[in-house]
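Trainee: Give me coordinates for this.
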Amino acid sequence: ILEESGDEVLRNREAQVEEYCYYQYLKLLAKPSRDGQESLARYIRKLLWDGGRRGTWLFLILMRVDESLAQNPLELYRSLEGLCQEGSFSPFIYGAACRLIEENPGLFVKLGEFELRYLYFGARRNMVSQETARRAAGFLLGLRRCRPLAVRLAVQLYRMYPERELLEAVCSLLIKGDKRGPEAFGWYEKALESRINLTRLYEYFLYSLPESYGHLLPKEALLYFSYDKDLDSRSRSVLYQNILRYMNPSSELYGTYLRDIEAFAMEQLFKSRIDSRLAVIYEHVIYKDMIDARAARVLPGILKSCRILCEDPRMKYVIVRGEELMEELTCPLENGAAYVPVFSEHPIFFFQDAFGNRYLDIRHRRIPVMDKPDLLKRCGEVLPDHPMLKLARCMEILKRGIQSDSEAGLLEESMAQMKLNPVFQRRLLE
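Mentor: Next up is the predicted model:
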């Protein structure tokens, strides 16, 4: 076949340079020749360096026929890197670079794009030694920012050699990338179990803690946060909920946290904030004796809150209307959920999309967040003029009928002070 195609290849050698080089290389494989090998090496070198031609395959042939390249590994390494920088993604280039640094470890002095590519290629094919992986861990720890390829490399190297340095590198990159998802949590948890000392490891462990985490946080994390209290509100609610649910109330550490938890609960209460974590905190630390006029003004809205779960991703808001009032309450849906106070016995829920269209037939679930009738009763005693509690008393009177002048006065007062639905107002008048 070589003899049959030789004349055509030689005629077109100027226009089809690569084909000519392939032809000469195949001839050398069929019939080795020292002079032919040196001649082809000179020709390819002239094409690559003097003629400005670039080609991954030409360089790979040069590596096989030019023995001087093997004698100068630094020049070879730089040539491979140059091909990568010019856009080559050839696995043969990556494989050659991996073999080269294993034979010449002194060439591995940095971790740039080229090194990330060939090391990741090599790690997936078991071409990276343990010593090289350790050196890579040091460079990975020194990266100033998180790069997706760097994370994949660190993970792959750790799977090959599960050592502390590589685990630390994985977590360091995830923290620099502000990764807080469930996949990142598994790495942070593994790092804590290995007692790795890494800046902000405890914080990111807490940031990424899944809702399904069903036991007490590690003692090291609890001790750390008992001294370092620089956490955002969400993280504090996650931490305090876990403590209240799973820590022994008679333990010394529980007592250390209790004052901070109570202060946090009141702080969130006065901001009228509620979610599933805060509900646990309120239930544990808010007692009847703590309710004054200020707390009674906001606590009913929290006690009567429900979690609305919407299954339609198009919906962006939930609107709540009661049969008693003309007013409506609009709350944004976050990840398909919203927490809204529901005082009416027969509420109506509308759902609104991003274009302002409202829907009444959207599937949803309503879940009461708290069940503390004693606290709600105490709020009514402390602040009897609370509008929603006053409205609730009006509903009770309607059910059983007016039994005193004071109850009649309460109905008249409510009609004068609140924007009642005309239908409900007629019921009061009747």
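
Trainee: Now do the SS call for residue 365.
Mentor: Recorded secondary structure, residue 365: strand (DSSP: H, G, I helix; E, B strand; the rest coil).

Trainee: isn't it right next to residue 309, touching?
Mentor: Yes. Using C-beta atoms under 8 Å, residue 365 makes contact with residue 309 at a distance of 4.5 Å. Quick note: C-beta positions are derived from backbone N, CA and C, even for glycine.

Trainee: more neighbours, those two?
Mentor: More neighbours surround residue 309 than the other of residue 365 and residue 309, with 16 against 11 (other C-beta atoms under 10 Å).

Trainee: gap between the more buried one and residue 107?
Mentor: 57 Å (C-beta to C-beta, to the nearest Å).

Trainee: And for residue 129?
Mentor: Applying C-beta to C-beta to residue 129 and residue 107 gives a distance of 14 Å.

Trainee: Same question for residue 303.
Mentor: Distance from residue 303 to residue 107, by C-beta to C-beta: 68 Å.

Trainee: The closest residue to residue 258 other than its chain neighbours - how many residues pack around it?
Mentor: The shortest distance from residue 258 to any non-neighbouring residue, by C-beta to C-beta, 6 or more residues apart in numbering, is to residue 285 (7.6 Å). Neighbours of residue 285 under the rule other C-beta under 10 Å: 18.

Trainee: from what I can see residue 285 touches residue 262, true?
Mentor: Yes. Using C-beta under 8 Å as the test, residue 285 is close enough to residue 262 to be in contact (4.9 Å).

Trainee: for residue 279, phi and psi?
Mentor: phi -60, psi -40 (degrees, to the nearest 10).

Trainee: ugh, wrong one, residue 327
Mentor: When read as degrees, to the nearest 10, the backbone of residue 327 gives phi -70, psi 150.

Trainee: how many neighbours does it have?
Mentor: 12.

Trainee: contacting residues for it?
Mentor: By C-beta atoms under 8 Å, 6 or more residues apart in numbering, residue 327 lies in contact with residue 419.

Trainee: how near is residue 421 to residue 123?
Mentor: Counting by C-beta to C-beta, the gap from residue 421 to residue 123 is 68 Å.

Trainee: Other residues contacting stretch 31-41?
Mentor: Residues contacting stretch 31-41 (C-beta under 8 Å, 6+ apart): 21, 24, 25, 27, 28, 61, 62, 65, 66, 68.

Trainee: among these, which ones are buried?
Mentor: Buried by 16 or more other C-beta atoms under 10 Å: 21, 24, 25, 27, 28, 61, 62, 65, 66, out of the contacts of stretch 31-41.

Trainee: Show me what the helix or strand harbouring the second one is packed against.
Mentor: Element membership of residue 24 [criterion: DSSP states H and E] is helix 17-30. Packed against helix 17-30 by the contact rule (3 or more C-beta pairs under 8 Å, 6 or more residues apart in numbering; DSSP states H and E) you find helix 2-11, helix 34-45, helix 56-65.

Trainee: weakest of those helices by average pLDDT?
Mentor: Mean pLDDT values for the helices and strands packed on helix 17-30 show the minimum at helix 2-11, a mean of 67.

Trainee: Phi, psi for residue 420 please.
Mentor: Torsion angles, degrees, to the nearest 10, at residue 420: phi -80, psi 150.

Trainee: Wait, it touches residue 326, no?
Mentor: Yes. Using C-beta under 8 Å, residue 420 is in contact with residue 326, at 7.0 Å.

Trainee: mind checking how far the residue nearest to residue 258 is from residue 377?
Mentor: Using C-beta to C-beta, we find residue 285 at a distance of 19 Å from residue 377.

Trainee: List the residues that contact residue 326.
Mentor: Going by C-beta under 8 Å, 6+ apart, residue 326 touches 419, 420, 421.

Trainee: To clarify, my last question referred to residue 113.
Mentor: 84, 85.

Trainee: distance of it from residue 87?
Mentor: Remark: distance between residue 113 and residue 87 (C-beta to C-beta) = 12 Å.

Trainee: residue ranges of the helices in the stretch 301-430 of the chain, please?
Mentor: Taking DSSP state H, counting those that start in this stretch to define them, one finds helices in the stretch 301-430 of the chain at 373-382, 387-400, 405-417, 422-429.

Trainee: Format those helices as JSON lines; extra columns: mean pLDDT, mean neighbour count and distance to residue 244.
Mentor: Shown next, in JSON lines, are the helices of the stretch 301-430 of the chain (pLDDT from 0 to 100; neighbours: other C-beta atoms under 10 Å; distance: least, C-beta to C-beta, whole Å):
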{"stretch": "helix 373-382", "mean pLDDT": "91", "mean neighbour count": "16", "distance to residue 244": "17"}
{"stretch": "helix 387-400", "mean pLDDT": "77", "mean neighbour count": "15", "distance to residue 244": "27"}
{"stretch": "helix 405-417", "mean pLDDT": "72", "mean neighbour count": "13", "distance to residue 244": "38"}
{"stretch": "helix 422-429", "mean pLDDT": "72", "mean neighbour count": "13", "distance to residue 244": "40"}
